[in-house]
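**Student:** Next input, structure requested:
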Amino acid sequence: MRCSQKVAIVTGGDKGIGRAISLRLAKEGADVVIANIHTERAKEVRNEIKKVERRCIVIKTDVTRSNEVNVMVKKVIKEFGQIDILVNNAGISSMAPMVDLKEREWDANMSVNAKGVFLCSKAVAKHMIQRRSGNIINIASLAAKRGALFLGHYSASKFAVLGITYTMAIELAPYNITVNAVCPGIVETDMIKREWKWEGDLRGMTPEKVRKEVLSTIPLGRLAKPEDVAGVVAFLASEDADYITGQAININGGMESH
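**Tutor:** The predicted structure follows:
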């Protein structure tokens, strides 16, 4: 119960990594707000959270629109009176060689993955500054540490997430607010399964062959589970991590070490 008495916002908290984070924070004692553009799956997660006797609300939010983000934050403060944790998890991906990449794909990835982190962090940080406490945790990626085949636009957006993290960590430190990122490697989610299909099509391979090739590069010999990421997020949201800020923590089974 390391997050008891705390209120957490999780963007994109309806499936995959976001779902695991929402559930883990609730099990650690937090009340959870799922800010999601799609609400039906989020309501299913809300029902799971209620089973562990924590409060949970779902607020329809497009993280790329500042007016919707600001309204969401005001609703949370009105409902709970405080915001202690923000997890910027909402993200999208697509795949294409850079020379074939459509401008709209570049814009979409940068808008959700980078601008969304900026807008949500900005809105929540103003509240946290007044309270002089808080934890902001940004979900980046292994692709924020190195280039990724057919994912140049996605990688660029996640590099941007680290830039936002490092800068806000410095600016918000005087207010006792920590800002960190986590960098998951290959996590077994619907998103990675789509990417294996896309990559297979681009390389003339089956998705299963792509999967086996990826597994061969992971020293621990398995894909990450969403719960692996959620555990690190819960740690960063707790008092155990009070002296950690401005970090980009790898969760990749040994694939990357910086």
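**Student:** okay, CA-based contacts and neighbour counts for the rest of this
**Tutor:** Will do.
**Student:** Number of residues surrounding Ala248?
**Tutor:** Residues lying near Ala248 (other C-alpha atoms under 10 Å) number 25.
**Student:** same deal with the one 4 residues further on?
**Tutor:** As a burial measure, Asn252 scores 23 neighbours (other C-alpha under 10 Å).
**Student:** do the same with Lys225
**Tutor:** Neighbour tally, Lys225, other C-alpha under 10 Å: 17.
**Student:** I figured it hits Asp190, correct?
**Tutor:** No: in terms of C-alpha atoms under 8 Å, Lys225 does not count as a neighbour of Asp190; the distance is 11.7 Å.
**Student:** can you give me the helices in this protein?
**Tutor:** Secondary structure of the chain (DSSP state H): helices at 16-27, 40-50, 66-80, 103-109, 116-131, 152-172, 190-203, 207-215, 226-236.
**Student:** Which one, of those helices, ends up nearest to Met255?
**Tutor:** Nearest to Met255 among the helices of the chain is helix 207-215; the distance by C-alpha to C-alpha comes to 10.1 Å.
**Student:** Report the buried residues of that closest one.
**Tutor:** Going by neighbour count (16 or more other C-alpha atoms under 10 Å), the buried part of helix 207-215 is Pro207, Val210, Arg211.
**Student:** Show me what it is in contact with.
**Tutor:** Lys193, Trp196, Lys197, Glu199, Gly200, Gly221, Arg222, Leu223 (C-alpha atoms under 8 Å, 6 or more residues apart in numbering).
**Student:** Tell me who's in contact with the residue nearest the centre of the chain.
**Tutor:** Centroid-nearest residue in the chain, with C-alpha atoms, centre = their mean: Asn89, separated by 2.2 Å. Applying C-alpha under 8 Å, 6+ apart to Asn89 gives the contacts Val10, Thr11, Gly12, Gly13, Ile17, Gly18, Asn138, Ile139.
**Student:** now it: how far from Ser22?
**Tutor:** Asn89 is 10 Å from Ser22, where distance means C-alpha to C-alpha, to the nearest Å.
**Student:** Which neighbours do those two have in common?
**Tutor:** Val10, Gly13.
**Student:** what distance separates the helix or strand of the chain with the lowest mean pLDDT from the centre of its chain?
**Tutor:** In the chain, no helix or strand scores lower on mean pLDDT, DSSP states H and E than helix 190-203, which sits at a mean of 89. Averaging C-alpha positions (C-alpha atoms, centre = their mean, to the nearest Å) puts helix 190-203 21 Å from its chain's average.
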